[in-house]
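Asks: Pasted the sequence and its predicted model underneath.
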Amino acid sequence: MIAALDRDDVAGREWDFLATDRDGSVALITSAGYGPIPEAVLSHGKSVEEVVAGLPTQLPVIGESLDRRNQDPSGDYSDWFEASRRGLYTYDWHVHGGPYEQVSAPSVELRAGDLTPEIGYAASLLRLPVLFAETAQLLLDERTTEPFMKGMPA
């Protein structure tokens, strides 16, 4: 049974989810408690939470983390940098009204095909028609769905 969450379940708390880009690269996206989270992800919320919580033990370090912060570099972004060392792009919601901004990039990209079935499923819930390697900011909303997802099983 799929355990959905709604916006009230995650409002005001850091909540992370995954996405894939058009080439199969994977990103970890953090809402900072206020960023929009697409319904496709929230509808599988409990599963996504479990998968994201297990990433540090499920994904080995495969490279270095490249700092991509354009905003104030203060703060503790060690979790984002660790995710990039494991092959993930990372984005964080800019608290004062967005958008999602890239925090770090991997020196070695992890692709959707390299993931365990559970992580791959969570990453496949949100497919974006961008290349994370070329995308410093993500504009998402609660209804975000991409045309090439229609007819594709999640």
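Replies: The structure has been received and is ready for your questions.
Asks: for the longest helix belonging to the chain, what is the average pLDDT?
Replies: Secondary structure of the chain read by DSSP state H shows that its longest helix is helix 45-58. Mean pLDDT, computed over helix 45-58, is 92.
Asks: Check which residues of that helix are buried.
Replies: 45, 47-49, 51-52, 55 (16 or more other C-beta atoms under 10 Å). Every residue, glycine included, has its C-beta placed from N, CA and C.
Asks: Just the closest of the residues you listed to Ala122, please.
Replies: The nearest member of those to Ala122, counting by C-beta to C-beta, is Val51 at 4.1 Å.
Asks: so what's the closest one up against?
Replies: When contacts are counted by C-beta atoms under 8 Å, 6 or more residues apart in numbering, Val51 touches 18, 118-119, 121-122.
Asks: next one: Tyr91
Replies: So Tyr91 contacts 27-30, 100-103, 138 (C-beta under 8 Å, 6+ apart).
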